[in-house]
Every structure is written in C-alpha cells, then in structure tokens.
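In: Predicted model, plus sequence, below.
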Amino acid sequence: MVSINENYLNLQGSYLFSTIAKKVREYQEKNPQNLIIRLGIGDVTQPLAPVIVEALHKAVAQMGTSEGFHGYGPEQGYEFLRSAIAVEDYQARGCDISPEEIFVSDGAKCDVGNIQEIFGIDNRVAVCDPVYPVYVDTNVMAGRSGRYNTETGGFENLIYMPCTRENGFAPELPKEVPDMIYLCFPNNPTGAAIQKDALQEWVDYANRHGSVILYDAAYEAYITEENVPHSIYECSGAKGCAIEMHSFSKNAGFTGLRLGYTVVPKELSVSGVKLHDLWNRRHGTKYNGAPYIVQRAGEAVYSPEGKAQLKEQVAYYMENARLIREGLLAAGFTAFGGVNAPYIWLQTPAHMTSWEFFDQLLSRAQVVGTPGSGFGASGEGYFRLTAFGTRENTLEALERIRGF
Ligand code: MLT
C-alpha cells in the first residue's frame with residue numbers, strides 16, 4: 001500500500017503567511033465595510049520600474065519573432081544575466097565570484113527551501129530564533145528536524161540560536177556544533193543587520209568546524225550603514241564554507257515576476273565532493289530555467305537607469321521604515337529594525353502575546369502585521385510590520401496604531 005512522507009505530519013500548523021491570509025479573509029468577510037491595511041507579508045506595492053517594463057516589452061516582442069524566439073534556456077540562467085550578477089553584485093564589491101558560480105532561479109524562497117536537498121539527512125541544522133519559517137519547514141519535510149517539542153516550542157534535533165533584545169538580535173556562535181547554519185542578514189523578521197567583523201567570526205567558525213553557512217541575502221539592498229556587508233563573500237574564507245541566496249523581489253519588485261539566484265562557489269567541497277556539482281545536477285534535473293523575458297528584466301536591474309530607478313524605490317520603502325519606526329517610538333512602543341531592513345520589530349504592549357496583538361490590531365484598527373511567535377519561540381511578545389506598503393497606507397496604519 002502506498003505510504004506518505006510522514007515527516008510532513010511533523011509540520012506545525014499551516015505556513016505562517018497562509019494562516020494570516022486566512023484570518024484576514026475571514027475577518028473581511030464578516031466586516032466587509034472595514035478597510036484593512038496590510039503590513040503583514042513582505043510583499044512590495046510599488047509598480048515595476050519603467051526600465052524593467054521596457055525590458056519586458058522588448059523581450060516579449062522578441063519572443064514573437066522567429067529570430068528572437070527562445071525555448072528552453074540554460075537551466076542555470078542565461079549568460080547575460082549571470083555575468084551581470086557576477087560583475088555588479090560581486091566583483092564590483094571586491095568579491096571574486098564568477099558567472100559559472102551563479103544559478104539563476106525563479107526566486108530565493110525556492111532556493112532557500114531546496115538547498116537542503118544536497119545535504120545529508122543526519123546533518124545538524126542551526127537556525128536563528130525567530131526565523132524565516134521556510135528554513136525550518138523544509139528541514140522538517142526532509143526529516144532532519146526530529147519531533148516537535150510543545151514545551152520548548154521547537155524541534156528536538158534543530159539547534160536554535162535565540163536572537164533577543166538582550167543580545168541585540170544577533171545569534172551567538174552555537175556551543176553544539178551544527179553542520180548546516182542558516183543565517184539571514186539583514187534579518188527577516190527582526191530587521192537586525194550584522195557588522196562585517198561579526199560575520200567574519202561566523203565564517204571562521206564554519207571553516208574551523210567544517211560547517212556550511214546558508215546565507216540568505218534577500219534584503220541586502222536595504223543596507224544603509226557602513227561596515228554592514230552586502231554579501232558573505234566580503235569575508236575572507238567565505239568561498240570555502242558558504243552558499244548565498246539572493247532575490248529580485250525586494251530590491252526590484254519582482255514578487256509577482258519571480259527571479260532569484262544562488263551562489264555556490266566552486267571551491268566549496270564537503271568530503272571531497274563539490275557542492276557546485278551537486279547543485280548543478282539538481283538544477284538540471286528538477287528545473288528548466290527562469291523565463292527568458294524575466295531574465296531580460298533582471299538584466300535591466302543592473303543597467304545605469306535600472307540602478308537609479310531602483311535606488312529610488314528602495315529609498316521610498318526605507319522612508320516608510322523610518323516613519324513607522326519613529327512613529328512607533330513616539331507613541332511609546334519599543335521598536336527595532338527599519339534602519340538596514342524593510343522590517344520593524346516591535347514589542348507588543350501590555351504583555352499581550354503576539355497573536356493577541358495580531359487579533360486586537362486587526363479587529364480594532366484593521367491593520368495586519370505578522371505575529372513574532374509565528375517565527376519561533378523567541379519571537380513571542382513581538383510583532384513585525386513591513387515597510388513595503390504605500391506611503392498613504394503606512395501613514396494611515398500608523399495613525400490607527402497610535403489611536404489603538
Ligand atoms: C516575508 O514576509 O517574510 C517574506 O515576504 C516572505 C518571502 O519573501 O517569502
């Protein structure tokens with residue numbers, strides 16, 4: 001008789017953002033007259049930059065001609081995009097990454113979820129707490145997590161690295177040595193950034209212990225401070241221990257277009273096997289490449305006009321972040337983040353749990369955020385607001401929160 005992957009039964013509830021969407025839908029059905037402002041999921045609201053729209057139009061027109069038609073492309077991505085990424089995101093920053101080390105995909109979420117497939121099932125996995133749920137859930141699905149412990153609010157085989165107010169939301173090097181270490185900076189959900197010397201310590205730790213760091217750099221475009229690295233490869237020795245994932249969603253508004261990439265350095269080996277070869281094999285087997293037209297749009301991100309237009313877009317969201325952070329602080333909230341990241345991490349008032357605050361904010365102010373406990377036990381008592389709303393909605397939400 002057919003059986004199922006029982007690891008799925010270990011998953012806790014539904015995916016965080018699906019749970020929120022369901023609650024909001026139910027509320028809206030009961031209260032159709034109320035206008036809800038969504039500052040929950042980190043989805044962008046600004047339209048695509050003109051240079052990207054132009055690149056899309058051009059590529060679509062090409063696809064309608066016999067000379068310009070493109071069928072299956074290279075699974076790893078077109079050379080024009082891999083080169084632009086290598087030059088602009090890495091070599092321009094002094095990181096020695098070549099186009100062949102870049103694997104283009106349809107988004108960072110898939111890569112972040114799929115990358116664990118090339119690692120052994122017995123590997124010990126370390127994650128920050130709170131954490132982007134995809135890192136945990138995909139390891140649960142693979143069978144690497146062990147059972148869920150309701151007392152600790154975590155999985156027994158995962159190594160949780162608490163990121164709390166006390167340690168400045170910076171994970172400490174774990175005493176129990178993990179094999180795979182997920183890091184995300186600037187951080188989702190806390191909005192905290194990491195300084196270069198602190199990241200170097202992680203790289204040295206991983207090299208010392210033979211661990212691999214899975215570095216999620218989806219929010220690097222939001223870095224405003226000096227000395228905060230945009231890539232882990234700015235640290236020496238990182239090519240020997242780190243894989244990095246990037247998104248076009250947050251820096252260029254591709255949440256609906258879908259484009260991302262993963263860097264697997266050729267010198268990164270485990271037990272004499274190159275991880276580059278394994279990921280290349282996986283990519284070729286399970287993936288047929290991101291759409292040509294979307295990759296052309298991705299290429300436009302790196303053009304001089306693209307850079308200028310997207311800088312403005314990022315600045316728009318960061319102004320929202322400043323308004324939210326300062327507005328909350330002025331209203332007496334304790335809030336963090338929003339300086340190098342589009343997320344503001346606030347403490348819930350009056351000792352409310354994260355979900356109590358979510359429910360209250362939804363029913364009394366019609367503002368949606370993300371409960372901190374949805375990201376892990378250490379997120380309890382916190383709440384995440386995103387700066388990706390429109391200016392109008394951001395200001396209106398602040399007004400409502402103040403009233404609340
Ligand atoms: C988030 O809200 O944490 C992100 O938008 C989720 C994602 O990028 O998949």
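Out: That came through, no problem.
In: CA only for contacts and neighbour counts going forward, please
Out: Fine.
In: got the residues of the chain near the ligand?
Out: Counting by Cα under 6 Å from any ligand atom, the residues of the chain close to the ligand are 41-43, 109.
In: Which of the residues you listed fall within helices?
Out: Taking DSSP state H, the ones among these that sit in helices are K109.
In: Rebuild the residues of the chain next to the ligand as a markdown table, extending it with neighbour count.
Out: Listed next are the residues of the chain next to the ligand as a markdown table, based on neighbours: other Cα atoms under 10 Å:
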| residue | neighbour count |
| --- | --- |
| I41 | 18 |
| G42 | 23 |
| D43 | 18 |
| K109 | 21 |
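In: Nearest to K307 among the residues of the chain next to the ligand?
Out: Nearest to K307 out of these is D43 (Cα to Cα; 20.3 Å).
In: How confident was the prediction at F17?
Out: pLDDT for F17: 87.
In: Beyond whichever helix or strand it is part of, next helix or strand please.
Out: Assessed by DSSP states H and E, F17 sits inside helix 16-30. Sequence-wise, the next helix or strand downstream of helix 16-30 (DSSP H and E) is strand 37-38.
In: Check what contacts that next one and list those residues.
Out: Here strand 37-38 makes contact (Cα atoms under 8 Å, 6 or more residues apart in numbering) with 366-369, 389, 393, 397.
In: try it again with 10 Å
Out: If you take Cα atoms under 10 Å, 6 or more residues apart in numbering as the criterion, strand 37-38 is touched by 21, 24, 362, 365-370, 385-386, 388-390, 393-394, 396-397, 400.
In: From the residues you listed, keep the buried residues only.
Out: The neighbour count (16 or more other Cα atoms under 10 Å) marks 24, 362, 365-370, 385-386, 388-390, 393-394, 397, 400 as buried among those.
In: Out of the contacts of strand 37-38, which sit inside strands?
Out: Counting by DSSP state E, the contacts of strand 37-38 place 367-368, 370, 385-386 in strands.
In: now, which of these sits nearest F248?
Out: Minimum separation from F248 among the ones in strands among the contacts of strand 37-38 (Cα to Cα) is found for T386, which lies at 17.2 Å.
In: quick one: contacts for the residue of the stretch 51-200 of the chain found nearest the ligand?
Out: For the stretch 51-200 of the chain and the ligand, the shortest gap (Cα to the nearest ligand atom) falls at K109, measuring 5.5 Å. Applying Cα under 10 Å, 6+ apart to K109 gives the contacts 132, 134-135, 216, 218, 245-247, 258-261.
In: Could you do A108 as well?
Out: A108 sits next to 114, 216-218, 244-249, 258-262 when contact means Cα under 10 Å, 6+ apart.
In: With P133 instead?
Out: Residues near P133 by Cα under 10 Å, 6+ apart: 15-17, 113, 127, 188, 374-376.
In: Over to E299?
Out: With the criterion set at Cα under 10 Å, 6+ apart, E299 makes contact with 52, 55, 78, 80-85, 293, 306.
In: Past the one helix or strand it maps to, which element shows up next along the chain?
Out: Assigned by DSSP H and E, E299 falls within helix 292-301. Sequence-wise, the next helix or strand downstream of helix 292-301 (DSSP H and E) is helix 304-330.
In: What is that next one packed up against?
Out: helix 50-63, helix 249-252, helix 292-301, strand 335-337, strand 343-347, strand 382-386, helix 391-403 (3 or more Cα pairs under 10 Å, 6 or more residues apart in numbering; DSSP states H and E).
In: Generate JSON lines for the ones you listed, with mean pLDDT as supplementary columns.
Out: As requested, the helices and strands packed on helix 304-330 are exported to JSON lines (pLDDT from 0 to 100):
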{"stretch": "helix 50-63", "mean pLDDT": "98"}
{"stretch": "helix 249-252", "mean pLDDT": "96"}
{"stretch": "helix 292-301", "mean pLDDT": "98"}
{"stretch": "strand 335-337", "mean pLDDT": "97"}
{"stretch": "strand 343-347", "mean pLDDT": "98"}
{"stretch": "strand 382-386", "mean pLDDT": "97"}
{"stretch": "helix 391-403", "mean pLDDT": "95"}
